[in-house]
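[1] give me a 3D structure for the following:
(2 chains)
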Amino acid sequence: MEQKNKITKIHIITAAALLILLLLEFILHVRTPFMKDDLWYATNLVTGEKIAGLKDIIQSQIWHYFNWGGRIVNHGLLQAVLSSGETGADILNILATLILGFAICSLSERKNPVFYLISEALIISFNASIHFSMCWESGSVNYLYSTSWILAYVFVIFRELKEDPSAANKRTYMHFLIIPLSFIAGMSTENMGPTCFVATIFTIVYLFVKKRKVPFYLYTGAFFTLLGSALMILAPGNFVRNAFIDDTSLKDMLSSRFDNLITSTGSFLFVAFLTAFVLTAVYILVFKLKPDASQMGLLLFAITAQAAMFLSPAYPQRASFGIMCVLIAYIVSILKKISDKDSKVLSYIYIFCASVYIHALIVVCTDLVFPPVLLSEL
Amino acid sequence: MDDKKKKIAYEIIAVLISVLLLLSYFFFYRSVPRLLLLVVLSAITLILPKAFSAASFLRCLIIEAAFLPYSSLGISLSLLKPSVPSFKDFFQMIIAFSFVPAVFVPVIVILLAACSHLKKEIKPKRYIPFAVLILLSFAIAIFFPAIINHAIFASICLATLIVTDLVEGKLMKKRNPSWESLIYVLLIIKYLYGVLI
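    Numbering: from 1, shown residues only, chains lettered A, B, ... in the order given. Below you'll find the model as predicted:
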C-alpha cells in the first residue's frame, strides 16, 4: 500500500513537472511568429497566393521538387501546418512534442511517466537550438515532426531484432503499412533517410546471421527507404539550387566538412554522446549487461547518421535534432535496463531526471527571457 | 600476454599519449604557464582518489584539456567592483554557469549509481565541500561579474575533482582500459573542437 502511494506521488509530481515544461514550451511557440521561410511556404510556391487547400500544396510541392529541393513530404506538411494559422501551428507543435516523447519511450520499451519526463526534458536539455528545431515552423516540421515518423519506422524494424519470429507472421497489416512509413522515413532528411535504409539492412543481416526468418516487409522497408532517399537527394531542385553556390576547392570542401563534424560532435551533440557513452561503459563494465541488438542498433544509427553529415555541405545546429532523439531513445533504454537489473539505482534515476529537468527549464526560460533575434526584425 | 606485462604496456602507451597531448596543447596555445597549469591541475586531481599511475594521469589530462576553458585568468583589480545585477544580468550568469551542472551532474549521478551497484563505499559528505565551493564561486560571480570566467574555471576544476575521485578512486581502481576508452575518444574530439574551431 505504502509502495503504491509512493508511486502515485511520483506520478503526480512527474505529471505536474511535465505540465510546467509543456506550458513554458507553448509560450515559446506562441512568442515565435511565422518568419523567414515560413512566410514563403505559407503561399502557393507557383502563384504566390495564400494556400487555400490540398491542390495548392500538391502544385507547390511539384514545383518544389523540380526547382528547390527533394524534401517534399516535410515541406508539404509544413504548408498544411502553416495554413492552420499561428495558434493552430503552436498547438500542433506541442502535440508533435508529446508524440515524439511517446515515440522515444516506445523505442526504448519504457512507457513510464518518469522516463517519459526524462525523454521530454532531454529533448530540450540536449537540444543545440530549440528555437530553430522546434519553434520556427519550417525547422519544427523538418526536425520535430519528421523525427517522430523516423522513430516510428525504426521502432517497427528494430522490433524484429527482439521478438519471436512467429510474432511477425501475425502482423499482416505491416506488409501494407510499411510502404508509406518507410517511404516517408526515407524522404525525411538527407542524413536520417539513408540511415533508415542502413538500419533496415543491419536488421536483415542480423536476422540472417542469427538464422532467423526475415519478415518480407523488411525487404519492402529497405526498398522504399532507399527509393525515398534517392528521390529526395536526386531531386532536380537540389541541382538547380546548387548551381547558385560557388565552387570550392576539394581541400576547402574537405576542411569545411571536417570542421562541421568536429563542431557537431564537440559542441551540439557533445553532451548527448557523452551521456550515452558513459552509460554504455557503466552498463557493460559495472552492471555486466550486454547491449541487445536493438540498443546497439540505436547507437550505431546515431553514429552512422552523424558520419553521414560529412556528405552535407552545411551542418546547422538544428540538423543534429534527429540524431539527438535517437541518442535519447538509447539513453532511456539503457536507464530502463539498469533500473530493471538493480531497483536500488532508481533513486539515482530520479535525481538524473530532476537534474535534466532543471536544465531543460533553464534552456526554455533562456529563450523566453532572451528571445533569439528574428531575422524579420533586422 | 600476462596481466603484469599488459599493465606495463598500458602505462607506456599512456605516457606516450600524454606527451603527445601536452605537445599538441602547447602547439595550439603557445603558453608555457597554461601548459604547466594543466599538468599541475591534472596531478592535483589525482591526490584525492590516490590514483598515481600514468593511465590515471592521462585520463585526468584528457578531461582537463577537454573541459577547461581557454579564457584569460588575468584580471585588473580596477574591474573588481561589486554590483547588484539586474534580473536579466542574473539570468545571464545562470546561463553561463549552467554548462557545468548540465554536463557534470548527470555524469556524476550515473557514476554514483554505478558505485552503489558495486557496493563501493562512498561518503557523499566528502563531496559537499566541492558543491559548496561551486555554489560560492557562482554567488561571488553574481556580485563581481568581472570574475565570471574565473568562477566557471574554478567550478569546472572542482567538478572534475569529483568525477576523477569516482572514476579513478572507485571504478577504475585495478582495472585495465576497456569500453570506457570511447568516452575519452569523445573528450579528445571535444578538446580538438576547443583548439581548432
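[2] just checking, residue B:15 is part of a helix?
    Yes - counting by DSSP: H, G, I helix; E, B strand; the rest coil, residue B:15 falls inside a helix.
[3] which SS state does residue A:70 fall under?
    Using three-state DSSP, the structure places residue A:70 in coil.
[4] and it, its phi and psi?
    Residue A:70 adopts backbone torsions of phi -90, psi 0, taken as degrees, to the nearest 10.
[5] tell me how far it lies from chain B.
    Distance, residue A:70 to chain B, by CB to the nearest CB, to the nearest Å: 30 Å. For the C-beta atoms, the positions are set from N, CA and C on the backbone; glycine is no exception.
[6] got it, and residue A:260?
    Distance check for residue A:260 against chain B: by CB to the nearest CB, it reads 10 Å.
[7] now the residue nearest the centre of chain B: closest residue in space, sequence neighbours ignored.
    By CA atoms, centre = their mean, chain B has its centre lying nearest to residue B:160, at 3.2 Å. Computed as CB to CB, 6 or more residues apart in numbering or on different chains, the closest residue to residue B:160 that is not its neighbour in sequence is residue B:63, at 5.3 Å.
[8] for the chain, what's the longest helix?
    Just going to use chain A. Ranked by number of residues, the top helix in chain A under DSSP state H is helix A:2-31.
[9] oops, I was thinking of chain B
    Assigned via DSSP H, chain B shows its longest helix as helix B:87-117.
[10] mind giving me the packing neighbours of that helix?
    helix A:270-281, helix A:346-369, helix B:128-143, helix B:148-166 (3 or more CB pairs under 8 Å, 6 or more residues apart in numbering or on different chains; DSSP states H and E).
[11] among the ones you listed, which comes closest to residue A:329?
    Proximity of these to residue A:329 was assessed by CB to CB; the nearest stretch is helix A:270-281, lying at 10.1 Å.
[12] quick revisit: tell me the contacts of the residue nearest to the centre of chain B?
    Residue B:160 sits next to B:45, B:60, B:63, B:64, B:67, B:104 when contact means CB atoms under 8 Å, 6 or more residues apart in numbering or on different chains.
[13] any regions of chain B where pLDDT drops low?
    Applying pLDDT under 70 to chain B flags the ranges B:1, B:71-79.
[14] the closest residue to residue A:107 other than its chain neighbours sits in which helix or strand?
    Excluding its sequence neighbours, the residue lying closest to residue A:107 (CB to CB, 6+ apart) is residue A:329, at 4.2 Å. According to DSSP states H and E, residue A:329 maps onto helix A:321-341.
[15] tell me what angle that helix forms with helix A:270-281.
    30 degrees (axes from the mean of the first three to the mean of the last three CA atoms, to 10 degrees).
[16] if we can go back for a sec, separation between the residue nearest to the centre of chain B and chain A?
    Residue B:160 is 13 Å from chain A, by CB to the nearest CB.
[17] please report phi then psi for residue A:243.
    Per degrees, to the nearest 10, the backbone of residue A:243 is at phi -60, psi -20.
[18] that should have said residue A:50, apologies.
    phi -60, psi 150.
[19] how many other residues sit next to the nearest residue to residue A:79 once chain neighbours are set aside?
    Nearest non-adjacent residue to residue A:79, counting by CB to CB, 6+ apart: residue A:57, 4.7 Å away. Residues near residue A:57, counting by other CB atoms under 10 Å in any protein chain shown, number 24.
[20] tell me how far whichever strand or helix holds residue A:55 lies from the chain's centre.
    In the assignment (DSSP H and E), residue A:55 maps to helix A:54-67. Relative to its chain's centre, helix A:54-67 lies at 25 Å (CA atoms, centre = their mean, to the nearest Å).
[21] pLDDT (mean, whole number) over that helix?
    In this model, helix A:54-67 carries a mean pLDDT of 94.
[22] buried sites along it?
    A:56, A:57, A:60, A:61, A:63, A:64, A:65 (16 or more other CB atoms under 10 Å in any protein chain shown).
[23] for it, packing partners?
    With contacts taken as 3+ CB pairs under 8 Å, 6+ apart, helix A:54-67 sits against helix A:72-82, helix A:236-242.
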